[in-house]
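A.B. asks: Coordinates only, no sequence provided:
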């Protein structure tokens, strides 16, 4: 039995269209499944939490096979609700506008081929998860998560504070994004908003600590992207060496670089060549602590919940059992 959660609103309604392509395959193959449609932000987490609760009542060897149809944000919601990662096997059919996880995992473009791969998978791949902890929860809540009260969130792809999270926060509420999604140019949303956010970005200082090393001080901080996979923001290859199975978080730190140079550097990030610019640096660590001089937006897999001036990121090695 597979439990399938569909976000019909992903990619401006194309999620429902993609479901209509794969449903006949399930019927033809006589696959038993139970279907759920998400209704609003937070609904996917509640659905998965309820399904995970059934594990306690089942046999010790019972595995919950869960398939998510949605974007990276929908998948992020789903992992918040999993109570026992050892007993949940997760399949993912991307229907979003950025699909950075699918890009890094080299999933086929054809959703039917992805479904067939999920159904035939006997041994799931163990992928890393990241965990964000808000050390300071006093910051402003986002428009989409105004009822968020959690002090921590998991992430499957990336977590960021500052400029990249501000781009995500605006993109989530952007009508322009919906228009571009309908004509297949959704990733341009992030580039357009990125240039806008860059222009209005204020001077912020930041202290970054990696594991037990001495802290690094950034007098002109723009953003830090903490990556499990290589891509975020619709194809920006911020951490080209990221390995989703090594238990380490790859970190792209952008600071002490003039705005005009960032405009030149951003396009090169699509190809992972941005480290040629002075002021853009790469690190790896098991634990990252960040303190900023003012609260900034924070995202997990593109989902922005609140602003914070102090966060901690840790990795959980090969915790996610992924059907590929």
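C.D. replies: In hand now; what should we look at? Computed from a prediction, not measured in an experiment: that's the story for all the values here.

A.B. asks: how about the nearest residue to residue 85, chain neighbours excluded?
C.D. replies: Using CB to CB, 6 or more residues apart in numbering and skipping residues adjacent in sequence, the residue nearest residue 85 is residue 319, 5.0 Å away. (Each C-beta comes from the backbone N, C-alpha and C, glycine too.)

A.B. asks: what about the one you found, neighbour count?
C.D. replies: Summarising burial for residue 319: neighbours were counted as other CB atoms under 10 Å, giving 19.

A.B. asks: Would you enumerate the residues in contact with it?
C.D. replies: By CB atoms under 8 Å, 6 or more residues apart in numbering, the contact set of residue 319 is 85, 126, 127, 128, 129.

A.B. asks: Give me the nearest residue to the second one, chain neighbours excluded.
C.D. replies: When the adjacent residues along the chain are set aside, residue 126 lies closest to residue 318, with 3.5 Å between them (CB to CB, 6+ apart).

A.B. asks: where's that neighbour, which helix or strand?
C.D. replies: Residue 318 belongs to strand 303-322 when elements are defined using DSSP states H and E.

A.B. asks: Distance from that strand to the middle of the chain?
C.D. replies: Between the mean C-alpha location of strand 303-322 and the chain-wide mean there is a distance of 9 Å, by CA atoms, centre = their mean, to the nearest Å.

A.B. asks: buried ones in it?
C.D. replies: When burial is assessed from 16 or more other CB atoms under 10 Å, strand 303-322 yields the following buried residues: 303-315, 318-322.

A.B. asks: residue boundaries of the helices in the protein?
C.D. replies: Listed in chain order, the helices of the chain (DSSP state H) span 10-28, 43-53, 72-80, 100-105, 111-120, 163-172, 175-182, 187-200, 259-268.

A.B. asks: And the average pLDDT for the longest one is what?
C.D. replies: Think helix 10-28. With pLDDT averaged residue by residue, helix 10-28 scores 88.

A.B. asks: and it, what does it pack onto?
C.D. replies: Of the remaining helices and strands, those touching helix 10-28 by 3 or more CB pairs under 8 Å, 6 or more residues apart in numbering; DSSP states H and E are strand 2-6, strand 64-70, helix 111-120, helix 175-182.

A.B. asks: Tell me which of those sits most buried.
C.D. replies: Comparing the helices and strands packed on helix 10-28 by mean neighbour count (mean count of other CB atoms under 10 Å), strand 64-70 ranks first with a mean of 24.

A.B. asks: Now do that one against helix 72-80, angle only.
C.D. replies: 160 degrees (axes from the mean of the first three to the mean of the last three CA atoms, to 10 degrees).

A.B. asks: which helices and strands sit right next to strand 64-70?
C.D. replies: Contacting strand 64-70 under the criterion 3+ CB pairs under 8 Å, 6+ apart are the following elements: strand 2-6, helix 10-28, helix 43-53, helix 72-80, strand 88-94, helix 111-120.

A.B. asks: ok, back up a step: and the helices and strands packed on helix 10-28 as TSV, adding distance to residue 35 and mean pLDDT?
C.D. replies: Formatted as TSV, the helices and strands packed on helix 10-28 follow (distance: least, CB to CB, whole Å; pLDDT from 0 to 100):
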stretch	distance to residue 35	mean pLDDT
strand 2-6	5	97
strand 64-70	10	96
helix 111-120	13	97
helix 175-182	24	55
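
A.B. asks: Switch these over to TSV; also include distance to residue 19.
C.D. replies: Putting the helices and strands packed on helix 10-28 into TSV (distance: least, CB to CB, whole Å) gives the following:
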stretch	distance to residue 19
strand 2-6	5
strand 64-70	6
helix 111-120	9
helix 175-182	16
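
A.B. asks: still on that earlier bit, any idea which of the helices of the chain gets closest to residue 140?
C.D. replies: Taking CB to CB as the measure, these were each checked against residue 140, and helix 163-172 came out nearest at 10.1 Å.

A.B. asks: contacts for that closest one?
C.D. replies: With CB under 8 Å, 6+ apart as the test, helix 163-172 has contacts from 73, 142-144, 160, 177, 189-190, 193-194, 196-198, 201, 222-223, 225, 232-233, 254, 296-299, 302-304.

A.B. asks: Which of these are buried, as a ChimeraX select command?
C.D. replies: Only the buried members of these end up in this ChimeraX selection, burial being decided by 16+ other CB under 10 Å:
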select :73,142,144,160,177,189,190,193,194,197,198,201,222,223,225,232,233,254,296,297,298,299,302,303,304
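
A.B. asks: what about the helices of the chain, which gets the closest to residue 277?
C.D. replies: With CB to CB, the closest approach to residue 277 among the helices of the chain belongs to helix 259-268: 4.6 Å.

A.B. asks: How far away from the center of its chain is the closest one?
C.D. replies: Mean C-alpha position of helix 259-268 versus that of the full chain (CA atoms, centre = their mean) differs by 23 Å.

A.B. asks: where does the stretch 151-300 of the chain have low pLDDT?
C.D. replies: Along the stretch 151-300 of the chain, the parts satisfying pLDDT under 70 run over 173-190.
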